[in-house]
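Asker: Here you go, sequence then predicted model.
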Amino acid sequence: MNGYIPQEIIDDILARTDLLELVGSYLPLRKMGKNYFGLCPFHSEDSPSFCVHPDKQYYRCYGCGKGGNAIQFVMELEALPFPEAVEKLASRCGVTLPERRMNREDDAKAAERKMLLRMHADAAEFYAAQLNANLGGAAGAYLKRRGIDPQLALRFKLGLAPEDDWQALAEHLRRKGYTPAQMELAGLVSRSAKNGKYYDKFHGRLIFPINDYRGQCIAFGGRIIGEGEPKYLNSSQTPIYNKSVNLFALQLAGPAIREKDAAVLMEGYMDVLTAHQYGITNAVASLGTALTPEQVRLLKRYTTNAYISYDGDGAGLKAARRAIDILREQGFSVRVLVYPQGMDPDDFLRKYGAEGWAKLLQRSLGPLEFMLKLAENKYDITDVVGKGQVVAELLPGIAKTGSAVERESFIRLLADRLGVAAETIYADLRKSGLNIAPPPKPKTAPAPEILHRQEIMPGVGELLLRLALEDVNVCNRLTAEAQQGDLLDEKGLQLLNIINKSDYDQVPAHLLSRFNEDNAGLREFLLKLLDVELPDENRERLAAEYFQAAQANRLQKRIDVINKEVAAGASNWRELLTELNELQRKLQQLKG
């Protein structure tokens, strides 16, 4: 293949590649906190100083200093040039690489993607404003009836597509400069066959914005407020949206998933909203489809523990059975929440609350116990034939269980439940020809000793730059304030300039691929920034505090200069003291 690969394809490959899984296939790793450590493959060492950060998708050795994303790892370890490393990862994650150089068509696709993201952001803002203006109407009454308070609606950026004006969104987007063809491509409008006019696809519905894991709005779901079908309507696939590779609310639930080291998988938007309302902030949902391997790989960046919380009806139980297999294939530890017949998570939480949820978690079932429960409901275990049917249905699940302890414990439980000898189940297992899954190979290393490395204590400018790597609003404001020359040093300004000049998507691991050998110093600087752990709190508030601190620093520096000049006997001391009083007043206001 040729040497050029479009940046959007490189970003897609990195998004589909689980760095922890990739590195773990080459060397043993051990979890410490939320990161994983192992012996560095790039230099000789006795104590592990090589660290993989699954949440940020980069690695770094604190011994030899090497670091980067998945592409750099393959390049370094296998001594491959950049195009071949990308090709190897593309093959690994199923991405087809183009066999041609960048042309006008590629430029057009990149521009189209940016336009679609802007349009979805504009549409989300429009829908949210409509809901805010109509909280006293049917939409507000529906949310109140479902127990969703205004703050939660604001957090999820819920919206409303007007019922009485079918062309409100189309007209709003037209004023923003979008063409009808672009709106149709985005799946936001449909064209009437009768009069050729474009109307809002989601009119008369409560709107649920669907964001990617970075927080960019890429699609919408709509729930009809009054009577009508279908009850739920979702965006169709577009150049920026594929329902099989995204999870609803992951951008909000991510920090809680990491903190609790577990995700709660649900089926519907309202289930997730109700869960968050009751403090279950690690809840996410698949998007109008059964759970997919791509969604599980995305979730694996945050945790390898999952609670399946699907509806208690027949369809929900079958979906849970399928989800178990997909999760276990990706190495997840799985528990299943079993609701009373006919109840869904939303019903359960509104009836039993957080206390009932805690008890439900305690009664959750492991995969084999859950499958046994399903089989017991399906067959008569008091009957000889029924017992044989139960065992036959469970044998594949038993064979897939990698843990010998879990497998043997369950076989004893099953034998006791059916009133048969455990050896008869082992005999059926042997006769079936199913191969018992070997225990997973331990990817562990000796416990790391104390890691000797200098902790980074960046100034407020670097903290803002760290935030700017993941937030375009912070990046824009920092760019404006950095012009004063006292926030960032030369490297910081260079990095900010690169972010602003490239089609950067606010994913720092993707940015690592954009540095060539001439930018090695900047790449090292970026890795040090990524090592900075930001508090898991409201990033908007955090940015405001950092900008306020930067302003306070600026005032304090000028105060220090004035004090020195006055102490040195400056002739204009009266003017300086007046300025000093004003600066001190402003500083006191900032400090509250």
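Answerer: Arrived safely, thanks for sending.
Asker: Tell me, how many residues neighbour Ala568?
Answerer: By other Cβ atoms under 10 Å, 8 other residues sit near Ala568. C-beta coordinates here come from the backbone N, C-alpha and C atoms, glycine included.
Asker: Repeat that for Pro239.
Answerer: Pro239: 15 neighbours (other Cβ under 10 Å).
Asker: For Pro209, see how far away it is.
Answerer: Going from Pro239 to Pro209 by Cβ to Cβ, to the nearest Å gives 18 Å.
Asker: The stretch 401-550 of the chain: helices as residue ranges?
Answerer: Counting by DSSP state H, counting those that start in this stretch, the stretch 401-550 of the chain has these helices, from start to end: 404-418, 422-431, 460-468, 472-481, 490-501, 508-511, 520-530, 539-567.
Asker: Export those as JSON lines, with columns for mean pLDDT and mean neighbour count.
Answerer: Below are these laid out as JSON lines (pLDDT from 0 to 100; neighbours: other Cβ atoms under 10 Å):
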{"stretch": "helix 404-418", "mean pLDDT": "86", "mean neighbour count": "16"}
{"stretch": "helix 422-431", "mean pLDDT": "84", "mean neighbour count": "14"}
{"stretch": "helix 460-468", "mean pLDDT": "84", "mean neighbour count": "23"}
{"stretch": "helix 472-481", "mean pLDDT": "83", "mean neighbour count": "16"}
{"stretch": "helix 490-501", "mean pLDDT": "82", "mean neighbour count": "16"}
{"stretch": "helix 508-511", "mean pLDDT": "80", "mean neighbour count": "22"}
{"stretch": "helix 520-530", "mean pLDDT": "83", "mean neighbour count": "18"}
{"stretch": "helix 539-567", "mean pLDDT": "81", "mean neighbour count": "15"}
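Asker: Can you say which of the ones you listed is nearest to Asp311?
Answerer: helix 404-418 (25.4 Å; Cβ to Cβ).
Asker: Using PDB, write out the CA atom coordinates for the closest one.
Answerer: Presented in PDB, the C-alpha positions along helix 404-418 are these (Å, rounded to 0.1, in the frame of the first residue of the first chain):
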ATOM      1  CA  ALA A 404     -12.100 -24.700  36.700                       C
ATOM      2  CA  VAL A 405     -13.300 -23.600  40.200                       C
ATOM      3  CA  GLU A 406     -16.400 -22.000  38.700                       C
ATOM      4  CA  ARG A 407     -17.100 -24.900  36.500                       C
ATOM      5  CA  GLU A 408     -16.700 -27.600  39.200                       C
ATOM      6  CA  SER A 409     -18.700 -25.600  41.700                       C
ATOM      7  CA  PHE A 410     -21.500 -25.200  39.300                       C
ATOM      8  CA  ILE A 411     -21.500 -28.800  38.300                       C
ATOM      9  CA  ARG A 412     -22.000 -29.700  42.000                       C
ATOM     10  CA  LEU A 413     -24.800 -27.200  42.300                       C
ATOM     11  CA  LEU A 414     -26.500 -28.500  39.100                       C
ATOM     12  CA  ALA A 415     -26.200 -32.100  40.300                       C
ATOM     13  CA  ASP A 416     -27.700 -31.200  43.700                       C
ATOM     14  CA  ARG A 417     -30.500 -29.300  42.000                       C
ATOM     15  CA  LEU A 418     -31.400 -32.200  39.700                       C
END
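Asker: Just the local confidence number for Gly459, please.
Answerer: Per-residue pLDDT puts Gly459 at 78.
Asker: nope, Ala123 is what I was after
Answerer: At Ala123, the predicted lDDT confidence score is 98.
Asker: among the helices of the stretch 401-550 of the chain, which is nearest Met183?
Answerer: helix 472-481 (22.9 Å).
Asker: Now do the closest one against helix 490-501, angle only.
Answerer: Angle, helix 472-481 to helix 490-501, by axes from the mean of the first three to the mean of the last three Cα atoms, to 10 degrees: 120 degrees.
Asker: For helix 472-481, name the packing helices and strands.
Answerer: Secondary-structure packing of helix 472-481 (3 or more Cβ pairs under 8 Å, 6 or more residues apart in numbering; DSSP states H and E): helix 460-468, helix 490-501, helix 539-567.
Asker: now for these, which one comes closest to Ala124?
Answerer: Comparison of the helices and strands packed on helix 472-481 against Ala124 by Cβ to Cβ identifies helix 539-567 as nearest, at 16.1 Å.
Asker: That closest one - contacts with which helices or strands?
Answerer: Using 3+ Cβ pairs under 8 Å, 6+ apart, the elements in contact with helix 539-567 are helix 460-468, helix 472-481, helix 573-591.
Asker: Could you export those helices as CSV, including distance to Leu555?
Answerer: Shown next, in CSV, are the helices and strands packed on helix 539-567 (distance: least, Cβ to Cβ, whole Å):
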stretch, distance to Leu555
helix 460-468, 13
helix 472-481, 14
helix 573-591, 5
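Asker: for those helices, which one sits closest to Leu116?
Answerer: That would be helix 472-481 among the helices and strands packed on helix 539-567, by Cβ to Cβ, at 15.7 Å.
Asker: That closest one: how far from the chain's middle?
Answerer: Centre-to-centre, helix 472-481 and its host chain are 23 Å apart (Cα atoms, centre = their mean, to the nearest Å).
Asker: Pull it out as PDB, backbone CA atoms only.
Answerer: Taking Å, rounded to 0.1, in the frame of the first residue of the first chain, the C-alpha atoms of helix 472-481 are listed here in PDB:
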ATOM      1  CA  VAL A 472     -12.800  22.000  22.400                       C
ATOM      2  CA  ASN A 473     -14.400  24.900  24.400                       C
ATOM      3  CA  VAL A 474     -11.400  25.000  26.800                       C
ATOM      4  CA  CYS A 475      -9.100  24.800  23.800                       C
ATOM      5  CA  ASN A 476     -10.700  27.800  22.200                       C
ATOM      6  CA  ARG A 477     -10.600  29.900  25.400                       C
ATOM      7  CA  LEU A 478      -7.100  28.900  26.200                       C
ATOM      8  CA  THR A 479      -6.000  29.900  22.600                       C
ATOM      9  CA  ALA A 480      -7.400  33.400  23.200                       C
ATOM     10  CA  GLU A 481      -5.900  33.800  26.700                       C
END
